[in-house]
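Visitor: Coordinates for the following, if possible.
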Amino acid sequence: MPDSLLYALALVANLTGLAWLALSMDVHWEQVRGPVPPSRGTVVLLRWLGAAVVAASLAVCLSVDHGSMASLVWFMVLAGSALTIAFTLSWKPRLLAPLVAWVRSAPAPASPR
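Guide: The predicted structure follows:
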């Protein structure tokens, strides 16, 4: 596989992983999915998935180049991905909704009367 495609894969993996890590926080979850908070299991799963995918991104970069260049590229991709996710959350957070479309929404809590 060409190096450019592997680096693109690393970029997509970083974007996805950082988005899952951000969505494991209640504030960002509410921005994307609404006022019903995620279950504790969903939060733990999002954190594990996010960390695993970001680590896989590093592994992809290391498979393309030698250690010093791969780590440099990975840190640059990590920084760019963090900015992209931050800007997306501040501008149009609902764009991240497909990344958690597999999570069922719980019914909204009943309001006290």
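Visitor: Count the neighbours of Leu83 for me.
Guide: 11 (other Cβ atoms under 10 Å). All C-beta atoms are positioned from the backbone trio N, CA, C, and that covers glycine.
Visitor: and it, what element?
Guide: helix 67-91 (DSSP states H and E).
Visitor: which stretches of this protein form helices?
Guide: Taking DSSP state H, the helices of the chain run over residues 3-23, 26-33, 40-64, 67-91.
Visitor: looking at the ones you listed, which is closest to Val103?
Guide: helix 40-64 (5.5 Å; Cβ to Cβ).
Visitor: Show me what the closest one is in contact with.
Guide: Contacts to helix 40-64, defined as Cβ atoms under 8 Å, 6 or more residues apart in numbering, come from residues 3, 6-7, 9-11, 13-14, 16-21, 23-24, 38, 70-71, 73-74, 77-78, 100, 103.
Visitor: Using ChimeraX, make a named selection holding only the buried ones among those residues.
Guide: Selecting just the buried residues from the contacts of helix 40-64 in ChimeraX takes one command, with 16 or more other Cβ atoms under 10 Å as the test:
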select :7,9,10,11,13,14,16,17,18,19,20,21,23,24,38,70,73,74,77,78,100,103
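Visitor: and the helices of the chain as JSON lines, adding mean pLDDT?
Guide: Formatted as JSON lines, the helices of the chain follow (pLDDT from 0 to 100):
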{"stretch": "helix 3-23", "mean pLDDT": "95"}
{"stretch": "helix 26-33", "mean pLDDT": "93"}
{"stretch": "helix 40-64", "mean pLDDT": "95"}
{"stretch": "helix 67-91", "mean pLDDT": "95"}
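Visitor: Just name the most buried of those helices.
Guide: Mean neighbours per residue, mean count of other Cβ atoms under 10 Å, is largest over the helices of the chain for helix 3-23, with a mean of 19.
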